[in-house]
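Colleague: how would this look folded up:
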Amino acid sequence: MILRSDFLGILDGNPKDEPMHYGEVIAVWAFMGSNNGLISGYEAFVNHAEDADLIALLEEAIKTMKAENKEFGKVLKANGITPPPRIARKTKIKSRGNSSWSSVYGS
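Modeller: You can find the predicted model right below:
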C-alpha cells in the first residue's frame with residue numbers, strides 16, 4: 001500500500017523548500033526574458049534621449065529590472081534551471097551636439 005507521505009515525499013508543507021512547479025518556472029523564465037528585452041531597448045533609448053528627466057527615469061527602470069532579474073536568476077539556479085540569455089549591453093554614445101527633434105523638424 002502506498003501512503004500519501006511516500007507519494008509526496010519531497011513536499012514538506014513549506015513552499016520555500018518545495019521545487020518550483022513547471023508553470024512557475026515558465027512564468028519566471030519568461031518574465032526574465034521580457035526584462036532582458038526591455039533593458040536592451042531602454043539602454044538604446046538612453047543613448048538617444050536628451051531630456052535629463054527621461055534619462056533618469058529610464059536608468060531607474062533599467063536598475064530595477066536588473067535587480068529583479070538577479071533575484072529571479074537565483075531562484076531559477078537554486079531549482080536547477082538555467083536563466084534566459086542576456087542581450088549584449090548597448091554601448092553609450094556621445095551626443096553629436098544639438099540634435100533635438102525640434103531642430104530637425106523646425107517646430
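
Colleague: Name the next helix or strand following the helix or strand of the chain with the lowest mean pLDDT along the chain.
Modeller: Taking mean pLDDT, DSSP states H and E as the measure, the helix or strand of the chain with the lowest value is helix 4-7, at a mean of 45. Note on helix 4-7: by DSSP states H and E, the next helix or strand toward the C-terminus is helix 22-48.

Colleague: Excluding residues flanking it in the chain, which one is nearest residue 65?
Modeller: Among residues not flanking residue 65 along the chain, residue 35 sits closest, at 4.4 Å (C-beta to C-beta, 6 or more residues apart in numbering). The C-beta positions use only the backbone N, C-alpha and C, and glycine is treated the same way.

Colleague: Name all residues that make contact with that neighbour.
Modeller: Residues near residue 35 by C-beta atoms under 8 Å, 6 or more residues apart in numbering: 65, 68-69.

Colleague: in this protein, what spans have low per-residue confidence?
Modeller: Scanning the chain with the threshold set as pLDDT under 70 gives 1-16, 90, 93-107.

Colleague: in what helix or strand does residue 58 lie?
Modeller: Element membership for residue 58 (DSSP H and E) is helix 52-78.

Colleague: what inclination does that helix have with respect to helix 22-48?
Modeller: Using axes from the mean of the first three to the mean of the last three C-alpha atoms, to 10 degrees, the inter-axis angle of helix 52-78 relative to helix 22-48 is 150 degrees.

Colleague: tell me which residues in helix 52-78 are buried?
Modeller: Across helix 52-78, burial judged by 16 or more other C-beta atoms under 10 Å covers 58, 61-62, 65, 69, 72-73, 76.

Colleague: For the residue nearest to residue 65, give its distance to residue 62.
Modeller: 10 Å (C-beta to C-beta, to the nearest Å).

Colleague: How about residue 45?
Modeller: Using C-beta to C-beta, residue 45 is found at 10 Å from residue 62.

Colleague: re earlier: nearest to residue 21, of the buried residues of helix 52-78?
Modeller: residue 76 (13.0 Å; C-beta to C-beta).
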